[in-house]
Each structure stands twice: as structure tokens, then as C-alpha cells.
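A.B. asks: no sequence for this one, just the structure:
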């Protein structure tokens, strides 16, 4: 796995002069290119794939120690002049044993935060997977995870998308800039990956290695589609509960986790209100 998908800062400490040194990422963040942009679907897929490879590298770890990023979001995916994506900002990251959890206060960015982690304080690699699932929806829909200036039922991206998915209206969620350019088979695979990442139960989410494999397949479908058929209109997906790839399994309940664990969190009252807006089921279990 290439480590070029991780943006690691360096430092200079010479004669009392202390400087942090970062790679220059000429195109800024992924978020800078999502809302109201003409970024092609194939390029968006490439960026998602490269970011997934970066997270997989962190999770795979060295000497039985893995890194959990804990703040995966579109502003922490940087793009160089060639549109190569790199995962950045490890200020909240935690190091721990592979396939285990770290008990810690809740940190992260709302809209991307894993509800299971929020309730249990058990941070795992699957918390990063959930946050990455939100990024995937952000890339597809071309909108931020939380929007306050829209209808109430559309304010929270994950909730709105799930409702549209269950109603068979996925086409209504796609960024208008992308309509007419996506291979329906590629879109179906992309939805399988994203919704599996967003499963409320961490154990039911895929590993990042599986996400990488799935995105590679989706990208291959899109490239073959362009090569063999050219760009045709986006068709509304029928049978959107059809067969899923075995690695991602069936998308289970879309309700928030029913864990009775109580979270002791450093979140502000305003931030907690946002969480309970996204997950109404948690209102009676509000952390103290």
C-alpha cells in the first residue's frame, strides 16, 4: 500500500527555531471542490479511493499498533496539483491495538461522528469507517452533512439520504452536476459501500480494506462504462434492496444504535443538540 495517501507533517528544531513543515497541497481540501462544482464522477471516485487507501494504511498499523484517525471529514482530505488525495490532520488520532477499542472522551466533527462511539465512548477503527461513509455521501450528493437553511427533513445528510434510499428516490439525492454521467451499476456498488459504512452497529461495517476493494471495483465499472458506452442518462435504480457484494453484506437497520451506555462527553450543549437532532432516539439517553 502506498503511503503517499497520508499527509504527514515534519518539523525543524534548529537553534531554537521551531517550524512545522507540510506538503504543499495546491488544490486545497476535497470540500473546496464539492459544493456547486463540476468535479467529474470519475475524479470523485479516484479521490475517495485514495483517501480510503490512506485510512487503510493507518488501520493496518505497524508492530500490532493501528492508528484511528478520529476526525475523518472532507476538509481533512487534501488534494495536490495532480488531484491526488491525502488524509491529513492527526491532532485527534489515537494509537491502539488492532481489532480492539480505545475508551476515550468523544472527539470529532458533528455530522461525521459515529453514533455508536458517541454513546459508548468505545473508539474503534469502525468509527473512522462510519465517518468515511458520510464523506462518500457528501461526494455523491454535493452537500454538507448538516444544512440549516433547508427543509427540516433534509437538514441531516445521512437521515435524508436513508429516507430517499428506502423510498427508491436515490436519484433525487445525486449532485445535479453529476446527473447523466454515472454508470447505474457503479452507482449501485457505491451505494452498497456507503450504506454499509453507515451501519449503526460497528461490527456490521466493513473494514477499510474492503472499502478500498469495493471502490476499486466501482471505479472500474465507471471507466468501462465511459469506454464502452459513453455517458448516458442516470437511471433511477430499481430493486435498490437487491443483491449486495458478500463483503458488504445486507444493509441492516437504519435506526440509531440502541445501546444503553451513557457517554461522558466534552461536547457543548449546542453540539449535543445537533447530535440529538440527527438521532432523535438518543434524546432520553442524553450524556450528562
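C.D. replies: Everything's here; your move. Computed from a prediction, not measured in an experiment: that's the story for all the values here.

A.B. asks: Going by C-alpha atoms from here, please, whenever you check contacts or count neighbours.
C.D. replies: Fine.

A.B. asks: for the protein, what spans make up the helices?
C.D. replies: Counting by DSSP state H, the chain has helices at residues 41-60, 115-120, 125-141, 157-166, 184-197, 208-228, 269-278.

A.B. asks: Would you mind finding the most buried of those helices?
C.D. replies: Comparing those by mean neighbour count (mean count of other C-alpha atoms under 10 Å), helix 125-141 ranks first with a mean of 26.

A.B. asks: what pLDDT, on average, does that one get?
C.D. replies: Helix 125-141 shows a mean pLDDT of 96.

A.B. asks: other SSEs contacting that helix?
C.D. replies: helix 41-60, helix 157-166, helix 184-197 (3 or more C-alpha pairs under 8 Å, 6 or more residues apart in numbering; DSSP states H and E).

A.B. asks: Now render the ones you listed as a markdown table, adding distance to residue 210 and mean pLDDT.
C.D. replies: Shown next, in a markdown table, are the helices and strands packed on helix 125-141 (distance: least, C-alpha to C-alpha, whole Å; pLDDT from 0 to 100):
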| stretch | distance to residue 210 | mean pLDDT |
| --- | --- | --- |
| helix 41-60 | 9 | 95 |
| helix 157-166 | 21 | 95 |
| helix 184-197 | 9 | 96 |
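
A.B. asks: Quick one: the ones you listed as TSV, columns for distance to residue 86 too.
C.D. replies: Formatted as TSV, these follow (distance: least, C-alpha to C-alpha, whole Å):
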stretch	distance to residue 86
helix 41-60	6
helix 157-166	24
helix 184-197	20
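
A.B. asks: nearest to residue 128, of these?
C.D. replies: Closest to residue 128 of these, according to C-alpha to C-alpha: helix 41-60, at 8.1 Å.

A.B. asks: Now do the closest one against helix 208-228: the angle between them, please.
C.D. replies: Using axes from the mean of the first three to the mean of the last three C-alpha atoms, to 10 degrees, the direction of helix 41-60 lies 160 degrees away from that of helix 208-228.

A.B. asks: Tell me how far helix 41-60 lies from the chain's centre.
C.D. replies: Distance, stretch centre to chain centre, for helix 41-60: 10 Å (C-alpha atoms, centre = their mean, to the nearest Å).

A.B. asks: Check what contacts that helix and list those residues.
C.D. replies: Contacts with helix 41-60, where a contact means C-alpha atoms under 8 Å, 6 or more residues apart in numbering, come from 1-6, 66-69, 77, 83-87, 98, 125, 132, 136, 139, 178, 181-182, 208-209, 211-212, 215-216, 218-219, 222-223.
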